[in-house]
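# what follows is a predicted protein model with its sequence.
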Amino acid sequence: MTKLGSTELDIHGLNLGCNVFGHTADESTSFSVLDAYTAAGGNFLDTANVYGGGGGSETIIGTWLAKRGRRDDIVIATKVGGGDQRPGLGAKNIAEAVEESLRRLRTDHIDLYYAHVDDLDTPQEETLAAFDQLVRAGKVRYIAASNYEPDRLASALSISDQNGLARYVALQPHYNLVERDYERELAPLVARENLVTLPYFGLAKGFLTGKYRSKDEPGDSPRAPRALEYLDARGERVLAALDEVAAAHQASVASVALAWLRQQPTVAAPIASARTPSSSSICSPRSS
């Protein structure tokens, strides 16, 4: 158990991505994944108001929390501002979206509330003031940013500091062993501003599980087409290195890839999803 950056949230080292709940995993399967993940010590769930067909993921999580009585020991992160149903980070949209998420999650507060994607059409002052109101009302404990460019993240942090508004405590970028752009400008900014990172696509859309090695035989997984985007000379070199380390430590390729992410200086917990209980071991805190 460790603190999430500067917050008082206690988290385990791997964040269960719940984007497949209500999409490629039905309620029963999602419950099994959640049971397996928490049985292994996990307590940190990442979802969004658009996952699972516009709230399906949040609904499944809320039902599971109620049936298992686990709300007090689970850290919930969800998001606002992505997708077509409730796009943007205007104050009205944020105020309405949070109520919908709270209802679906069957809770009175969200532990970590993300701006899912940046909104260039809404003044950041408006967005941050709206988030600040939620924090002051106790509906949200902390706020975070996802998919922000360095200049926009720096600007948001400066606005919060200058106006005494709630401040982003974490960033969720696209970052893994084969996607390294984060390291150029965002990582130094995150370190300088005392934030932490929760990378999504920690397994490169499934490629870093090591299961997708042939474009001629992709298999029947819905992940295959996206995972195989990484299958080039560089991707093959990365897999070869992972194979070597995994064999030396009697570990899975996926667990080695996630362990590498966890060791990066600004990373608090990588995000990985699981479609079945058997694959949930990939993203359990004890998998590395």
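Right, received. Where do you want to start?
# got the CA coordinates for the worst-scoring helix or strand of the chain on mean pLDDT in PDB?
Lowest on mean pLDDT, DSSP states H and E among the helices and strands of the chain sits helix 224-227, with a mean of 84. Provided in PDB are the C-alpha atoms of helix 224-227 (Å, rounded to 0.1, in the frame of the first residue of the first chain):
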ATOM      1  CA  ALA A 224      -5.600  -8.300 -31.800                       C
ATOM      2  CA  PRO A 225      -5.900  -5.700 -34.600                       C
ATOM      3  CA  ARG A 226      -4.900  -2.800 -32.300                       C
ATOM      4  CA  ALA A 227      -2.200  -4.800 -30.500                       C
END
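# in that helix, what counts as buried?
Ala224, Ala227 (16 or more other CB atoms under 10 Å). In this view, the C-beta of every residue, glycine as well, is placed from N, C-alpha and C.
# tell me where the model's unsure across this protein.
Within the chain, the ranges that satisfy pLDDT under 70 run 216-220, 280-288.
# now the helices for the stretch 51-200 of the chain?
51-54, 56-68, 91-105, 124-136, 150-163, 186-192 (DSSP state H, counting those that start in this stretch).
# which helices and strands does the longest one pack with?
Counting contacts by 3 or more CB pairs under 8 Å, 6 or more residues apart in numbering; DSSP states H and E, helix 91-105 is packed against helix 56-68, strand 75-80, strand 110-115, helix 124-136.
# nearest approach to Ser279 belongs to which of these?
Using CB to CB as the measure, helix 56-68 is the one of the helices and strands packed on helix 91-105 that comes nearest Ser279, at 16.8 Å.
# can you give the distance of that closest one from its chain's centre?
Relative to the mean C-alpha coordinate of its chain, helix 56-68 is positioned 17 Å out (CA atoms, centre = their mean, to the nearest Å).
# good, we can wrap up now.
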